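In: fold the stuff below for me.
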Amino acid sequence: MAAPAPAGARAVPSGPAVTGTMVRLKWSLLANGLQQSAGRTAAFVTAAVLAVVVGGLLLLGLLAMRGRVNADALAVFLTATTALGWAVLPLFAGGGDETLDPGRMAMLPLRPRPLLAALTASSLIGVGPLFTLLLALGCTLALAHGAAGALVGVLAVPLVLLTCVALARAVATANSRMLASRKGKDLALLSGLMIAFGMQAVNLGLQQIGDQGGLGALRPYSDVLRWLPPASAVEAVRAAGAGEYALAALGLATTALALLALLWWWLRSLTRLMVDPDSSTIQPAQDKTRKPSGDSAQRGLGRLLPEGRTAVVIERTLRYAWRDPKTKTAWATSIGLGLLMPFITSGSVYSACWVAGMMGLLMYNQFGQDTSAFWMVAATISDRRDAYVELRARSLAIALITVPFTVVVVVVSAARLDDWGRLAPALGIALAVAGVLVGLGAVSSAYHPYSIPQDSGYRNVAPGQGALAYLSFLLGAVVGALLCLPLIVLLAVLSDGGAAATWVLLPLGVVYGTAVAYGGLRVAAARTADRLPEILSAVSKG
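Out: A predicted model of the protein is given here:
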């Protein structure tokens, strides 16, 4: 006979009780969240409608593919892509509902295993699981033939859904503390960019399918992905319908083992999260053997740079690009679009000039990135020479990334198009574009500074300064195009003499871009030194 529980002891809830409570809590959170504001209600309803419409269309499209060639390639590819989305999105979207974060339940009398089952059940409620269910059902129906295929399909649909959900929750739980830190907030800020780049990648994939004459272009990818879970469960449906029972069993077993491995990883992360103390609440022990750090210019990149103001400003600019969320977003946008645009507009090597243009735009509103901390920079500027060195160092920091990045993109574009004859003129014009925009960006930073809000939103311009920001970019684009026009005219003239005659544009573009950048820095330095208080006031409004 079991001993009675001590008086006053709190009973630990059973597994079914925890699961039922968690499911009801999830429904309550959804219902209460929809009542908070009309905007939140509209966003949720819109997302749900899109999930049903898109998922339903995919379901109907996959049903129409039933029995056709390459139907299995499409189903496997869609399943693998959906699983990849479930794995990646928690790193950018914070892992889902914060109120169901297991870290918030560490002080409750809950055991990890019942909590794991409860979180799994609650995770099946939402827009994402609904879309995944429709997709998995469509992929299964497109490939299920005969009684064996139908039987395996009944097992494959929940396996795909549970694997995707477990993958997302395991990744989110393993990185929950990181997602609540500054790095996690940076990832959340970059999520919009990653989604935009992902949409462009999908667009490129659709273009490739159209260029190669249909879904056969997916065959090389699906031949690899069909062995990976959860796509292997979809492949098992096809194999069972074709009488390949050993392959069908292997596909189901692979996905089932992957699901068990994900649940085990999730359980370990959940246990560690509820048991281990948060390192942010523990004071680190002082290491007496550690030597005091010296000047920042003597560490890392500073050791490769010359002494003086230039090295300090270059290192500070690059640190902003790595640590400041808004600056990091601007750099990621420029690099990402610079990579995508040459492939989207892939008709010529000269389309690689996009990367130089996007990177050159980083020079705009340099002082706005400092916000109210610009007073420390202003305190070190006593004359036009100091202002010139400050702006020159900032432009050199951008050039350290822009120049090699531009060279790589132009060379890759020439190799992809097999158009080596236009490599030199395209590289020369691209470097000239970068130099022109750096010079114009310095002038714009001095004449039209504006503040960048430091909140967690996506606003990059303080209220009341939007017109100023848009006008500076518009004027920069127009003046930049006019300044690059002589090189374009020269390219048209030299093109009549063949590819060998256009090689002169490489050194000419480098010299021209450097000269324009130097002139812009000189003009901007004079303006900066004369209007430091006005610049500080303009960049401190956010």
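In: Asn453: which element?
Out: Careful, residue 453 is Pro; it's not Asn. Pro453 is part of no helix or strand, with elements assigned from DSSP states H and E.
In: ok, it to Leu262 distance?
Out: According to CB to CB, to the nearest Å, Pro453 and Leu262 sit 39 Å apart. Where you see a C-beta, it was placed from the backbone N, CA and C, and this is true even at glycine.
In: and if you look at Arg394?
Out: Taking CB to CB as the measure, Arg394 falls 46 Å from Leu262.
In: what about Leu431, neighbour count?
Out: 27 (other CB atoms under 10 Å).
In: my read: it touches Thr406, true?
Out: Yes - with contact defined as CB atoms under 8 Å, Leu431 counts as touching Thr406 (6.4 Å).
In: could you point out the helix or strand that follows the lowest-mean-pLDDT helix or strand in the chain?
Out: When each helix and strand of the chain is scored by mean pLDDT, DSSP states H and E, helix 182-211 comes last, with a mean of 56. As assigned by DSSP H and E, the chain's next helix or strand after helix 182-211 is helix 219-225.
In: name the residues that touch that next one?
Out: 70, 72-74, 76-77, 79-80, 231 (CB atoms under 8 Å, 6 or more residues apart in numbering).
In: list the buried residues in it.
Out: 219, 222, 225 (16 or more other CB atoms under 10 Å).
In: and what of stretch 379-397?
Out: So stretch 379-397, judged by 16+ other CB under 10 Å, has buried residues 381, 386-397.
In: quick one: the helices in the stretch 401-542 of the chain, in order.
Out: 423-447, 466-494, 505-530, 532-539 (DSSP state H, counting those that start in this stretch).
In: angle of the shortest one against helix 423-447?
Out: Angle of helix 532-539 versus helix 423-447, following axes from the mean of the first three to the mean of the last three CA atoms, to 10 degrees, is 100 degrees.
In: now the common contact residues for Leu431 and Thr406.
Out: Common neighbours of Leu431 and Thr406 (CB under 8 Å, 6+ apart) are Ala356.
In: residues near the closest residue to Ala501 other than its chain neighbours, how many?
Out: Once flanking residues are discounted, Ala501 sits nearest to Leu494: 4.6 Å by CB to CB, 6 or more residues apart in numbering. Close neighbours of Leu494, defined as other CB under 10 Å, add up to 17.
In: is it correct that Leu494 is in contact with Leu506?
Out: No - if you go by CB under 8 Å, Leu494 and Leu506 don't touch, sitting 11.7 Å apart.
In: for Asp419, phi and psi?
Out: When read as degrees, to the nearest 10, the backbone of Asp419 gives phi -130, psi 70.
In: got the contact list for the closest residue in space to it that isn't next to it in sequence?
Out: Using CB to CB, 6+ apart and skipping residues adjacent in sequence, the residue nearest Asp419 is Val349, 5.2 Å away. Neighbouring residues of Val349 by CB under 8 Å, 6+ apart: 410, 413-414, 417, 419, 422-423, 426.
In: strands of the stretch 301-450 of the chain, residue ranges please.
Out: Under the criterion DSSP state E, counting those that start in this stretch, the stretch 301-450 of the chain contains no strands.
In: shaky segments in it?
Out: 301-306, 343-347 (pLDDT under 70).
In: just the stretch 151-300 of the chain next, same as before
Out: 175-214, 274-300.
In: quick check: His145 touching Gly241?
Out: Yes - counting by CB under 8 Å, Gly241 is a contact partner of His145 at 3.3 Å.
In: neighbour count for these two, which is higher?
Out: Between His145 and Gly241, counted using other CB under 10 Å, the more crowded position is Gly241 (20 against 17).
In: need phi/psi at that one.
Out: Torsion angles, degrees, to the nearest 10, at Gly241: phi -70, psi -30.
In: which residues touch it?
Out: 143-146, 148-149.
In: likewise Leu431?
Out: Contacts of Leu431 by CB under 8 Å, 6+ apart are 356, 403, 406, 509-510, 513.
In: ok, and the most crowded of those?
Out: Ala356 (29 neighbours).
In: wait, which of the contacts of Val349 is closest to Leu257?
Out: Ser413 (43.1 Å; CB to CB).
In: that closest one contacts Cys353, correct?
Out: No - judged on CB under 8 Å, Ser413 makes no contact with Cys353 at a distance of 9.9 Å.
In: quick check: neighbours shared by the two?
Out: Ala426.
In: before we move on, back to that, how about the contacts made by the residue nearest to Ala501?
Out: Per CB under 8 Å, 6+ apart, neighbours of Leu494: 425, 501-502, 504-505.
In: for Thr514, same thing?
Out: Contacts of Thr514 (CB under 8 Å, 6+ apart): Gly435.
In: kindly report the same for Leu339.
Out: 355, 409.
In: that one and Val45, how far apart?
Out: 36 Å.
In: can you tell me which of the contacts of Gly241 has the most neighbours?
Out: Leu143 (29 neighbours).
In: is that one in contact with Ala233, as I believe?
Out: No - contact criterion CB under 8 Å: Leu143 and Ala233 do not qualify, at 10.7 Å.
In: among the contacts of Leu431, which one sits closest to Ala166?
Out: Nearest to Ala166, judged by CB to CB, of those is Thr406 at 42.9 Å.
In: now for that closest one: which residues touch it?
Out: For Thr406, the contacting residues are 352, 355-356, 359, 427, 430-431, 434, by CB under 8 Å, 6+ apart.
In: how about those residues in JSON lines, adding distance to Trp27?
Out: Formatted as JSON lines, these follow (distance: CB to CB, whole Å):
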{"residue": "Ala352", "distance to Trp27": "52"}
{"residue": "Val355", "distance to Trp27": "48"}
{"residue": "Ala356", "distance to Trp27": "53"}
{"residue": "Met359", "distance to Trp27": "48"}
{"residue": "Leu427", "distance to Trp27": "59"}
{"residue": "Ala430", "distance to Trp27": "55"}
{"residue": "Leu431", "distance to Trp27": "59"}
{"residue": "Ala434", "distance to Trp27": "54"}
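In: pull the most distant pair out of these.
Out: Met359 and Leu427 (14.0 Å).
In: okay, domains of this protein per the record?
Out: Annotated domains of the chain cover 24-277, 296-539 [automatic domain parsing].
In: so which residues of the stretch 251-400 of the chain form helices?
Out: 309-323, 325-344, 353-360, 374-379, 384-417.
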